[in-house]
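A.B. asks: Mind folding the following:
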Amino acid sequence: MRFVRSHRQRFLRLPLFVVSGASGTGQSPVCQSLLGNLPGVVVLDSDILWRPEFGSTGAGAPTFCETWLRVAKNVGQSGCPVLLFGSAVGVPDNVERCVERRYFEDVYYLALVCSDDVLADRLRNRPRWRDSDSPEYVSRHLAFNQWFKTRSRDLTPAIELLDTTSCPISSTAQKVAAWIKRMARVRQD
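C.D. replies: This is a model prediction of the structure:
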């Protein structure tokens, strides 16, 4: 935790932890599992601010990411770093170029991935109201899942992967918590 002293008020530049992945890889249930169970970390799900206009071409994704970075920056002033779950905020190209990025000492990325057949089954077996069983929706998220698998190491910063194919939610949540602790230690060294 570093204080920036050139401001009238003390400003904390904390790390931001981001967990991403294609729809169906387990982000929402892992987020729910971690809520209130990570002392010293504020867990947030980016879906709570999602609006259809963010999905449109143009300023949608940058505006969404800027909004979330602004929220996380201000929450961080409480002295607790933020663990943010979400697809759009989990792509370094969407976050690293944001103006609000400068307020974080580091941003660490973790993507949940799984096998294509398991992902397709998860999406098709969701409740009907989720509207995630169309061939187009499944295909789009299979491609995003593959994007993480093939591009994660090429990005700056790199995205660490966590395979959820045969991992129960509770175990995945434990691994995410361990990842945060490991990244916090790396940051302090």
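A.B. asks: the longest helix in the chain is where?
C.D. replies: Ranked by number of residues, the top helix in the chain under DSSP state H is helix 169-188.
A.B. asks: which strands and helices sit next to that one?
C.D. replies: Packing partners of helix 169-188 (3 or more Cβ pairs under 8 Å, 6 or more residues apart in numbering; DSSP states H and E): strand 16-21, helix 27-34, strand 107-113, strand 159-163. C-beta coordinates here come from the backbone N, C-alpha and C atoms, glycine included.
A.B. asks: Single out the most deeply packed of those.
C.D. replies: Among those, the stretch with the highest mean neighbour count (mean count of other Cβ atoms under 10 Å) is strand 16-21, at a mean of 26.
A.B. asks: for the closest residue to Ala120 other than its chain neighbours, helix, strand, or coil?
C.D. replies: Nearest residue to Ala120, sequence neighbours excluded (Cβ to Cβ, 6 or more residues apart in numbering): Val138, at 5.3 Å. Following DSSP: H, G, I helix; E, B strand; the rest coil, Val138 is assigned to helix.
A.B. asks: how about Val138, what does it touch?
C.D. replies: Residues near Val138 by Cβ atoms under 8 Å, 6 or more residues apart in numbering: Ala120, Leu123, Arg124, Ser132.
A.B. asks: What of Lys175?
C.D. replies: Contacts for Lys175 (Cβ under 8 Å, 6+ apart) come out as Leu162, Cys167.
A.B. asks: Mind pulling up the pLDDT for it?
C.D. replies: Here, the pLDDT recorded for Lys175 equals 98.
A.B. asks: Looking at the helices and strands packed on helix 169-188, which is nearest to Val82?
C.D. replies: Closest approach to Val82 among those is made by strand 16-21 (5.7 Å; Cβ to Cβ).
A.B. asks: got the angle between the closest one and strand 107-113?
C.D. replies: 20 degrees (axes from the mean of the first three to the mean of the last three Cα atoms, to 10 degrees).
A.B. asks: Out of the helices and strands packed on helix 169-188, which gets nearest to Val91?
C.D. replies: Across the helices and strands packed on helix 169-188, closest to Val91 is strand 16-21 (Cβ to Cβ), at 6.8 Å.
A.B. asks: by contact count, what packs against that closest one?
C.D. replies: Secondary-structure packing of strand 16-21 (3+ Cβ pairs under 8 Å, 6+ apart): helix 27-34, helix 60-76, strand 82-85, strand 107-113, helix 135-151, helix 169-188.
A.B. asks: mind listing which of the contacts of Val138 are in helices?
C.D. replies: If you go by DSSP H, the contacts of Val138 have Ala120, Leu123, Arg124 in helices.
A.B. asks: separation between the residue nearest to Val41 when sequence neighbours are not counted and Pro127?
C.D. replies: Distances taken as Cβ to Cβ, 6+ apart place Leu83 nearest to Val41, at 5.2 Å, with adjacent residues excluded. The gap separating Leu83 from Pro127 is 26 Å, by Cβ to Cβ, to the nearest Å.
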